[in-house]
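when you get a sec, could you give me coordinates for this:
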Amino acid sequence: MLESLYYVAKCKVKIDDFQGAINDLTTCVLKDKEYFIKAFTDSDFNGVDGFMDRLADNIKSKIYPELKKKYDEIIEIDTYLSKIYSMNNNLPDEFPKNFTIDDLVFDILIYLETKLFEKVLSKIKKKKKKLIKMKQKNEKQKREKEKK
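Numbering: from 1, shown residues only. Predicted structure coming up:
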């Protein structure tokens, strides 16, 4: 099905329906990032001035907001762990130091495909929950000791 949609996009470019082609290619790319590479090397698409930039912007507009929300939540929790528990290095090496709409579309697609943000968010939330429980337990033990 994706291959057919890809060829429909090629036809739409030939009749100057650039937005239609961008929409179809976006659908393909969101299912399989290899279609972005394929389109990038296809003269039907890269021969149209600004087409690939518009395609990249359209793809980013579909996936960036949700990924950015997760990224910001991860950074917020990481900052909390660093300040409250003096715990640093909570994030894996492959986690980006910065994440903006200006990042390369292919990098953003990789973050989406590998579910990097979802995995890191899940781990860091568990770590925070565990630390909060430990802190509460320690505080409870301290109060009980003080009562004696």
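
next up, identify which helix or strand the most centrally placed residue in the chain is on.
The centroid of the chain falls nearest to residue 67 when counting by Cα atoms, centre = their mean (3.7 Å). Per DSSP states H and E, residue 67 falls inside helix 51-85.

can you name every helix or strand that the helix or strand hosting residue 134 contacts?
In the assignment (DSSP H and E), residue 134 maps to helix 116-147. Here helix 116-147 touches helix 51-85, going by 3 or more Cβ pairs under 8 Å, 6 or more residues apart in numbering; DSSP states H and E. C-betas here are computed from N, CA, C, even on glycine.

which helices and strands does the helix it packs on pack with?
When contacts are defined as 3+ Cβ pairs under 8 Å, 6+ apart, helix 51-85 packs onto helix 18-31, helix 34-40, helix 43-46, helix 105-114, helix 116-147.

got the CA positions of stretch 47-64 in PDB?
Presented in PDB, the C-alpha positions along stretch 47-64 are these (Å, rounded to 0.1, in the frame of the first residue of the first chain):
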ATOM      1  CA  GLY A  47      13.800  18.400  -8.700                       C
ATOM      2  CA  VAL A  48      11.000  20.600  -7.400                       C
ATOM      3  CA  ASP A  49      12.400  23.700  -5.800                       C
ATOM      4  CA  GLY A  50      11.800  23.600  -2.000                       C
ATOM      5  CA  PHE A  51       9.700  20.500  -2.100                       C
ATOM      6  CA  MET A  52      11.900  18.400   0.200                       C
ATOM      7  CA  ASP A  53      12.000  21.300   2.700                       C
ATOM      8  CA  ARG A  54       8.200  21.500   2.700                       C
ATOM      9  CA  LEU A  55       8.000  17.800   3.100                       C
ATOM     10  CA  ALA A  56      10.300  17.800   6.100                       C
ATOM     11  CA  ASP A  57       8.400  20.700   7.600                       C
ATOM     12  CA  ASN A  58       5.100  18.800   7.200                       C
ATOM     13  CA  ILE A  59       6.500  15.600   8.700                       C
ATOM     14  CA  LYS A  60       7.900  17.600  11.700                       C
ATOM     15  CA  SER A  61       4.600  19.300  12.200                       C
ATOM     16  CA  LYS A  62       2.900  15.900  12.600                       C
ATOM     17  CA  ILE A  63       5.400  14.300  15.100                       C
ATOM     18  CA  TYR A  64       7.400  17.100  16.800                       C
END
